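# Mind folding the following:
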Amino acid sequence: MVRRLPKTLGAPSVIALPRVIDRLSFLYLDTVKIQADRNGVCAMVEFDGETERVYLPSAGIACILLGPGTSTTHEAISKLTRDGTTIIYVGDAGVRCYSAFLNDSTTTRLLDRQIEIVSDPQRHLDAARRLYGMRYDEPLPEELTLDRLRGLEGRRMKALYRTLAQQHKIPSFKRSYDPNDWESQDPVNMALTCANMTLYAMATAVLLSLGASPAIGILHHGQQRAFALDIADLYKAKVSAPLAFSLHKSLHPDRQVRHRMREDFRLLNLIPSMVENVYKVLDLPHKKQSEPADIVNLWDPDGAVPSGVNYSKVDW
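Residues are numbered from 1 along each chain as shown. Here you go, the predicted structure:
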């Protein structure tokens, strides 16, 4: 007797899902229709009257960026988020982030630490100094204030742009970004913006996958991706800036950036690096094994107590 497969598969357990550090980095899609069937989630595109389907490795990819012209079904988004894939809706060339979906397969351990840090001025200051210090190979002098650290960081980036411009024989370069006049930008600025946006998207995906909040930043404040900006800034000098200047003669820098950034994420192990740096900034030990996320407790001053229990002492 032949056994038929069930019409739907049950949600995978947290243990069955790959960790974010073991996943592919990101996939950018536009002008496609994404839907789900019994075989998985696929991207569909019509070409010359024919429909082509490409199945997506939903449980093996960290982030999917959905650009203009993309339509999705409810079932497809449900399956992707169930598999731990972060879904981010972005603008043309990925230069804006409109919304992101998170999954519920993580604990709030990192989120709790974020709240503890920003609620304590001294711990907040210590975390800010750690973030600045991670951008340099040598320890920063203790007497440097945050104001001086901001100035030092600004001079470092200006010097980097000047050096890269000289290496690529670019007569002059000035960093500019105008989302309302995207097409008029020079190739370097266009590539730099796209590369930075990719870093922001991946940092957001990593934070959501770890159960942290992209909104509770250390240096950045007042924006829903504040902490994602903090983490992404650690990689601009070594990743996005050199790549952008190398594309100064490109006719389509935005397209080339996405391909090259995907390679850099793989070759440089940027996702594992982001994970390690998140724990380092929050001053937490990095636990290699996934924590049980399905266990929800009730808060108590003396320690967490189990939820789903009727604590009434009245016996009816």
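# Domain-wise, how is this structure divided?
For the chain, the structural domains run 20-101, 109-281, going by automatic domain parsing.
# mind putting these in TSV, distance to V309 and mean neighbour count included?
C-beta coordinates here come from the backbone N, C-alpha and C atoms, glycine included. Listed next are the domains of the chain as TSV, based on distance: least, C-beta to C-beta, whole Å; neighbours: other C-beta atoms under 10 Å:
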stretch	distance to V309	mean neighbour count
domain 20-101	27	17
domain 109-281	22	17
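# can you tell me how far P242 sits from Q167?
Per C-beta to C-beta, to the nearest Å, P242 is found 9 Å from Q167.
# Got phi/psi on the nearest residue to V239 once chain neighbours are set aside?
Nearest non-adjacent residue to V239, counting by C-beta to C-beta, 6 or more residues apart in numbering: D264, 5.7 Å away. Here the main-chain torsion angles of D264 (degrees, to the nearest 10) amount to phi -60, psi -40.
# Quick one: low-confidence residue ranges for the protein.
The chain contains residues with pLDDT under 70 at 1-25, 92-98, 100-106, 179, 182, 287-295, 315-316.
# where exactly do the helices run in the stretch 101-250 of the chain?
109-118, 121-133, 146-167, 187-210, 226-232, 241-246 (DSSP state H, counting those that start in this stretch).
# Would you format the ones you listed as a markdown table with distance to V41 included?
Shown next, in a markdown table, are those (distance: least, C-beta to C-beta, whole Å):
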| stretch | distance to V41 |
| --- | --- |
| helix 109-118 | 28 |
| helix 121-133 | 36 |
| helix 146-167 | 39 |
| helix 187-210 | 17 |
| helix 226-232 | 25 |
| helix 241-246 | 30 |
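# Would you mind saying which of these lies nearest L140?
Nearest of the helices of the stretch 101-250 of the chain to L140, taken as C-beta to C-beta: helix 121-133 at 5.0 Å.
# returning to what we had before: now the domains of the chain as a markdown table including distance to G308?
Converted to a markdown table, the domains of the chain look like this (distance: least, C-beta to C-beta, whole Å):
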| stretch | distance to G308 |
| --- | --- |
| domain 20-101 | 22 |
| domain 109-281 | 20 |
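# Which one, of the ones you listed, ends up nearest to K313?
K313 lies closest to domain 109-281 among these, at 30.0 Å (C-beta to C-beta).
# Test my guess that V275 contacts V206.
Yes - with contacts counted by C-beta atoms under 8 Å, V275 reaches V206, the gap being 6.1 Å.
# quick one on the thing from earlier: so the residue nearest to V239 sits right up against Y235, yeah?
No - here D264 lies out of contact with Y235, judged by C-beta under 8 Å, at a distance of 9.1 Å.
# Any chance of the backbone angles for Q35?
Main-chain torsions, Q35, degrees, to the nearest 10: phi -140, psi 170.
# which residues touch it?
Taking C-beta atoms under 8 Å, 6 or more residues apart in numbering, we find Q35 in contact with V41, C42, M44, T72, T73, E75, A76.
# swap the cut-off to 10 Å and go again
V41, C42, A43, M44, R53, S71, T72, T73, H74, E75, A76, K79 (C-beta atoms under 10 Å, 6 or more residues apart in numbering).
# Three-state assignment for E46, please.
Classification of E46 using DSSP: H, G, I helix; E, B strand; the rest coil returns strand.
# now I34
Under three-state DSSP, I34 comes out as strand.
# so it makes contact with G40?
No - between I34 and G40 there is no contact under C-beta atoms under 10 Å: 11.1 Å.
# shared neighbours of those two, anything?
L56, A76, L80.
# With secondary structure and distance to I117 added, can I get the residues you listed in CSV?
Below are those laid out as CSV (DSSP: H, G, I helix; E, B strand; the rest coil; distance: C-beta to C-beta, whole Å):
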residue, secondary structure, distance to I117
L56, coil, 36
A76, helix, 37
L80, helix, 31
